[in-house]
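Undergrad: Sequence first, then the predicted structure:
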Amino acid sequence: ADMFDGILMAEQRFHGEGYQEGYAEGSHIGIAEGRRYGLLHGAKIGSEIGCYLGFALTWRSLLQKCTDEKSSKKIRALESLIGMIQKFPYEDPTYDKLQEDLEKIRGKFKQVCSMLNIQSDFRIGAERSSLTF
């Protein structure tokens, strides 16, 4: 009876072992794929935010020489954008409002561009990122 039990239970045993092996391999591959995706997506966001910061710092520096009221409003908007970028939680990948804050920064950037009469178009591609005017 024991000999036949081994034969009859083989399918169930092999199914269980195959499932465990497949699950372990899938988990390993999923972690590696998730890490690659996270690095790529994080690099894109970092590039975008870095571009916004460089843009804002440059324009703030250029406008500080001007003393009229319009320039003062532009400088305040640029400083607001800079502040939002500086508060952005780069180091916390689990931050639950990351997308929300990113959208606010994008909105503020568009507002600043409008105030400066600059048409902005930020594109991230495989070849390079660019900000065109």
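TA: Received it, and whenever you're ready, just let me know what you need.
Undergrad: quick one: the helices in the chain?
TA: In the chain, the helices defined using DSSP state H lie at 2-63, 69-87, 98-115.
Undergrad: Would you reformat those as TSV and include mean neighbour count and distance to residue 121?
TA: No exception for glycine: its C-beta is placed from N, CA and C like everyone else's. Converted to TSV, these look like this (neighbours: other C-beta atoms under 10 Å; distance: least, C-beta to C-beta, whole Å):
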stretch	mean neighbour count	distance to residue 121
helix 2-63	12	11
helix 69-87	15	17
helix 98-115	15	10
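Undergrad: Would you format the ones you listed as TSV with mean pLDDT included?
TA: Listed next are the helices of the chain as TSV, based on pLDDT from 0 to 100:
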stretch	mean pLDDT
helix 2-63	88
helix 69-87	93
helix 98-115	94
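Undergrad: in this protein, which residue is closest to the centre?
TA: residue 45 (3.6 Å; C-alpha atoms, centre = their mean).
Undergrad: From residue 108, how far off is the closest residue to that residue other than its chain neighbours?
TA: Among residues not flanking residue 45 along the chain, residue 102 sits closest, at 6.7 Å (C-beta to C-beta, 6 or more residues apart in numbering). When distance is defined by C-beta to C-beta, to the nearest Å, residue 102 is 11 Å away from residue 108.
Undergrad: same thing with residue 39?
TA: Note on residue 39: its distance to residue 108, by C-beta to C-beta, is 26 Å.
Undergrad: Ok, residue 50 next?
TA: For residue 50, the distance to residue 108 equals 15 Å [C-beta to C-beta].
Undergrad: do the same with residue 19
TA: To residue 108, residue 19 is 50 Å away according to C-beta to C-beta.
Undergrad: Repeat that for residue 73.
TA: Taking C-beta to C-beta, one finds residue 73 at 14 Å from residue 108.
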